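Visitor: what shape does this take:
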Amino acid sequence: MLQLLKAEFQYYKSSSIFYLAVFLIVDFAFIGWGSDVIEKSYPGIRAAMVLIMFGLLLMRQIKIQQEKTDRFYMILPISLNRISLLRIMFLTVFWIILFSLFWINNLIFSFNYLIGFLFWDLISLSGIVFAAISIPLLHRDLNITFQGKNQKLIIGSIYGLIIVLGYIFLMLFFIVSDSTEALNGFVQFRRIAHIMTSAGVGPLLILSAGSALLYLSMVIFQKRKTYLD
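Guide: Numbering: from 1, shown residues only. This next block holds a predicted model:
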């Protein structure tokens, strides 16, 4: 599996290097000029991390569709279980690298400014990133696995609902910290979300939910009826 993961990074070498370079530039800017005003500067680096993962996710989904990657995976001399793991490894490992680099850099260069909510906030964000990685794969596999009446309508409705809820939760509560000021009715929801993601059980539940979706994407992939789409 390590060799296959290495091959994935080699295949996306240019994109991986580019996005890592962008992240490091933003991270060192945060360390140099923003770590003493974390409340104002942290949402910026968090947004950069999300946009980097979104860029990689979009690029990879396009590649999977254009190059029929599932067909290639199926000719590899490995088990179906490992193939299902391989589909999610590149993006999850890339996120873990970003997460680790953030903490290593900040522990070395700005340790005095680190506060606990950063860790819990990134744990929560990890759960959302894991969900974002799994949802397009789940949608793709469910469309192939289930061919019953109104299948497209039901799966499409679920997918649309997830996108809307994810957009509201991510944009209002993670990226744009003051976005709810224009809509006073959302202020209370933002406070609840902040409590859920700032410490304790909430971030762990969000991380667990995201991890569960990753696992579910592996299970659904192994239930597919065909891999020749």
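Visitor: tell me the confidence at the residue nearest to the spatial centre of the chain?
Guide: Central residue of the chain (Cα atoms, centre = their mean): Val129, 1.9 Å from the mean position. We have a pLDDT of 91 for Val129.
Visitor: swap in Met171?
Guide: You'll see Met171 listed with a pLDDT of 57.
Visitor: what helices or strands is the host helix or strand of Val22 leaning on?
Guide: For Val22, the host element (DSSP states H and E) is helix 13-29. Helix 13-29 sits against helix 38-67, helix 80-109, with contacts defined as 3 or more Cβ pairs under 8 Å, 6 or more residues apart in numbering; DSSP states H and E. Any C-beta I mention is one placed from the backbone N, CA and C, and that applies to glycine too.
Visitor: what average pLDDT does it get?
Guide: On average, helix 13-29 scores 90.
Visitor: can you check the pLDDT for the closest residue to Tyr19 other than its chain neighbours?
Guide: Excluding the flanking residues, the one nearest Tyr19 by Cβ to Cβ, 6 or more residues apart in numbering is Ile52, at 4.7 Å. With respect to pLDDT, Ile52 has a value of 92.
Visitor: mean pLDDT per helix and strand in the protein: which one sits at the bottom?
Guide: Across the helices and strands of the chain, mean pLDDT, DSSP states H and E gives its lowest value to helix 187-198, namely a mean of 63.
Visitor: hang on, the earlier thing: which among the helices and strands packed on helix 13-29 is found nearest to Phe117?
Guide: For the helices and strands packed on helix 13-29, proximity to Phe117 was assessed by Cβ to Cβ; helix 38-67 is nearest, at 8.6 Å.
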